[in-house]
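J.: just a sequence and a predicted model for now, questions to come.
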Amino acid sequence: MTANNDPTVRGRRLGAELRRLRMASGLTGTQVAAHLLISQPKVSHMETGRRAVSPRDVRDLCKLYDVTDQDVVNSLTELAREASGQGWWHAYGDIPHSVSIDLETEAASIHTYESMVIPALLQTPAYAAAVIEETIPLLTVEQAAARLKVRLRRQHRVYDPARPLGLWVVLDESALRRVVGSREIMREQLEHLHTLSTEPHITVQVLPHTAGAHPGLTGQFSILKFPDSRQAVVYLERYTSDLYLEKPSDVQQYHAMYARMQNQALNPDHTRHFLTETTKLHLSG
């Protein structure tokens, strides 16, 4: 599923609530479409967040569903206004993976696995610039600068004093040994990672090569959890598009994969020692 077609977090939340109200009213999507003189696919797309829902749509649907609590109507109307707005990242132009940014903005915690690179939320400016410049061909100087600004702005979410993002990282040893940019950049990055790993809301575990085969060999993924009881989302970043999975059985599978890798990885204390020793290798190399 491409990022351009993905619903936003608020849009999905609004759609889920509208679906709940419809089902509570006993109406089918086809019946709703007939009442409002719209197509059944439009009703479905509104409930999945794939189509924008206007405040007027909300009022019409609430009236049809006999929602008499004005606080509920007002809350959903405001959510519709928020869902139609644009996030801060849109000011930087056509930035890929916008759904990922939207998800992490709303998330309470993220469990992520990376096999080849330090996670974006924990990258130093120099390391981030090197990753962007060296992995994305045909990128103009202006585009590279915009992507770097967005990446560094995203990191504000990790340190938000009002609601710091809980971050758990399992990192393959390959990401620590691969020289990105230069050995000096790598040294700075590993020292930064070591410092961040001491923060109470950040946990880092290295998965050493000696651990052998593990579920993460298929590639990077993140599990995002939200403040309320909504289903977690599994996010998979790809080069030209991104995927997210919400089916409970899929989410459960990735939870099991992550738990397996946590058990195979070094514990946080041993990870910090490993980071220190790997930093020395970059100094001597």
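T.: Done, it's in.

J.: which residue packs closest to residue 276, ignoring adjacent ones?
T.: residue 194 (6.6 Å; C-beta to C-beta, 6 or more residues apart in numbering). To be clear about C-beta, it is placed using only N, CA and C from the backbone, and glycine gets the same treatment.

J.: CA atoms only for the helix or strand containing the one you found, dumped as PDB, please.
T.: According to DSSP states H and E, residue 194 maps onto helix 183-196. These are the backbone C-alpha positions of helix 183-196, laid out as PDB (Å, rounded to 0.1, in the frame of the first residue of the first chain):
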ATOM      1  CA  ARG A 183      34.700   6.900  10.900                       C
ATOM      2  CA  GLU A 184      34.500  10.200  12.700                       C
ATOM      3  CA  ILE A 185      30.800  10.400  11.900                       C
ATOM      4  CA  MET A 186      30.300   6.800  13.100                       C
ATOM      5  CA  ARG A 187      32.200   7.500  16.300                       C
ATOM      6  CA  GLU A 188      30.000  10.500  17.000                       C
ATOM      7  CA  GLN A 189      26.900   8.400  16.200                       C
ATOM      8  CA  LEU A 190      27.800   5.500  18.400                       C
ATOM      9  CA  GLU A 191      28.600   7.800  21.300                       C
ATOM     10  CA  HIS A 192      25.300   9.500  20.800                       C
ATOM     11  CA  LEU A 193      23.500   6.200  20.700                       C
ATOM     12  CA  HIS A 194      25.200   5.200  24.000                       C
ATOM     13  CA  THR A 195      24.100   8.400  25.700                       C
ATOM     14  CA  LEU A 196      20.500   8.000  24.500                       C
END
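
J.: what's next to that helix, contact-wise?
T.: 118, 122-124, 126-127, 130, 176, 179-180, 202, 204, 272, 275-276, 278-279, 282-283, 285 (C-beta atoms under 8 Å, 6 or more residues apart in numbering).

J.: after it, next one along is what?
T.: According to DSSP H and E, the helix or strand after helix 183-196 is strand 202-207.

J.: mind listing residues that contact that next one?
T.: By C-beta under 8 Å, 6+ apart, strand 202-207 touches 122, 158, 167-173, 176, 193, 196-197, 214, 216, 261-262, 264-268, 271-272, 274-275.

J.: ok, then the element right after it?
T.: strand 221-225.

J.: counting neighbours, which bits of that next one end up buried?
T.: For strand 221-225, the neighbour count (16 or more other C-beta atoms under 10 Å) marks 221-225 as buried.

J.: got it, and stretch 38-56?
T.: Buried, per 16+ other C-beta under 10 Å, within stretch 38-56: 42-47, 49-51, 53, 55.

J.: can you show me the strands along this structure?
T.: Assigned by DSSP state E, the strands in the chain fall at 109-114, 166-172, 202-207, 221-225, 233-237, 242-245.

J.: what helices and strands are in contact with the shortest one?
T.: Yep, that's strand 242-245 we're talking about. helix 98-106, strand 233-237 (3 or more C-beta pairs under 8 Å, 6 or more residues apart in numbering; DSSP states H and E).

J.: out of these, flag the one nearest residue 208.
T.: Shortest distance between residue 208 and the helices and strands packed on strand 242-245, using C-beta to C-beta, is found for strand 233-237: 23.6 Å.
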